[in-house]
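*Asks:* Sequence unavailable; structure follows:
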DNA sequence: GTGACTGCAAAGGGTTTGCATCGTT
DNA sequence: AACGATGCAAACCCTTTGCAGTCAC
C-alpha cells in the first residue's frame, strides 16, 4: 500500500504537502527533525510551513509510517524505519545511527518484571562516533 | 561522603536551598520532575524558586547525585538512584517505576556494533500498569 | 569582603493551536 | 458544496538566562 492509499484508507486527504513530506523522509537515514525536513523542502515547496510538517508527522506516526525518536535532544527526530531498533547519537557531530538491538525483547522483559502492558519502548545511546574520535 | 561535603569538594557552596532539594529527592522513589519538587518544598520553603530547583538539579547531575530521566514526557524527571537501570511509565497514571535491566550491558553491545565510545544510555518503556489495567 | 547563589521576570526553543483561506473529495 | 488541510501568528510548556540583591565562606 502506497502513501496515498494509506492516507485515504485512514480518512486523511492526499495533499501535495503530505506527499512532499513523505518523499523527504522515505528511506531517509539521517533521522531528521521537523526543522531539517522543513529546510529540505523549502527550495521546492517554498510555501510549506513548519506547522504543516509537524501536523503531517503526527498523522504519519499515527498510521505507522514513521516513528518519533527522542535521542536526548530538545527536538524530536523521525525515523521512516518503524522496526523495533535502538539509536545512538554522537554528541560531537549529532549524527544518529541505528543500533541493531531488539527493543521488543526488552519490552517482554519489562512486562514480565512489572506486570505492565507495554506499548512503547525507547532505547538510545549517547557517545562519540568513530570519525569524531579520530578527529581528536 | 554526605551532600554538604560533596558540594564543597566540587567547589559549590552549601546553601539551605540545596540541602532542601537534596532532602526532597533523596530516596524519593517517585522520579519527580522539577515542578513537583518545587511544589513539595513550597510549604516549608515558600521563597524557593523553580529556577533554583533547576539550577540545583543541574549541579546534582554534574556531581553524580542524580540522574536526569527522559520518560517520553515533556518534562524531565530526576532519579536519586544513579545505577544503570531502566524505567517504565504508566500512560494512565503517569507513575514511573524502575525496571531492572542493565543499561551498561546494552551500552557495551552498542559500542561493539558501532565503534562509538558510549557515554550515556537511556532505556524507557511506556505502558499501562497493573492497577490501571484492573481499573478498566 | 568577595564571589557565588538566590529569586524574579523575561527570554528562549520546540511544539501546538486558532482561525481565515484554500483545496480535495 | 462540504469539510478537512494549509499557513500564519500567537500561544504554550518547560527550561534557561540576566540581573540586582543576598549570603556562604
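*Replies:* Ah, there it is. Here the structure is a predicted model, which is why all the values come from computation and not from measurement.
*Asks:* Check the gap between the residue nearest the centre of chain A and DNA strand D for me.
*Replies:* By Cα atoms, centre = their mean, chain A has its centre lying nearest to residue A:78, at 1.8 Å. Residue A:78 sits 16 Å away from DNA strand D, going by Cβ to the nearest atom of the strand, to the nearest Å. Bear in mind the C-beta positions are built from the backbone N, C-alpha and C, glycine included.
*Asks:* at contact distance from chain B, anything in the longest strand along chain A?
*Replies:* Counting by DSSP state E, the longest strand found in chain A is strand A:117-128. Yes. Judged by Cβ under 8 Å from any Cβ of the partner chain, strand A:117-128 comes into contact with chain B at A:117-128.
*Asks:* So residue A:87 is in contact with residue A:30, correct?
*Replies:* No. The pair residue A:87 / residue A:30 is not scored as a contact, 11.8 Å apart, by Cβ atoms under 8 Å.
*Asks:* Quick check: neighbours shared by those two?
*Replies:* Counting by Cβ atoms under 8 Å, 6 or more residues apart in numbering or on different chains, the common neighbours of residue A:87 and residue A:30 are residue A:96.
*Asks:* For the two, indicate the residue with more neighbours.
*Replies:* residue A:87 (23 against 15; other Cβ atoms under 10 Å in any protein chain shown).
*Asks:* where's that one, which helix or strand?
*Replies:* In this assignment (DSSP states H and E), residue A:87 forms part of strand A:86-90.
*Asks:* distance between the next helix or strand after that strand and the chain's centre?
*Replies:* Once the chain leaves strand A:86-90, the next helix or strand it forms, by DSSP H and E, is strand A:96-99. From the chain centre to the centre of strand A:96-99 is a distance of 11 Å (Cα atoms, centre = their mean, to the nearest Å).
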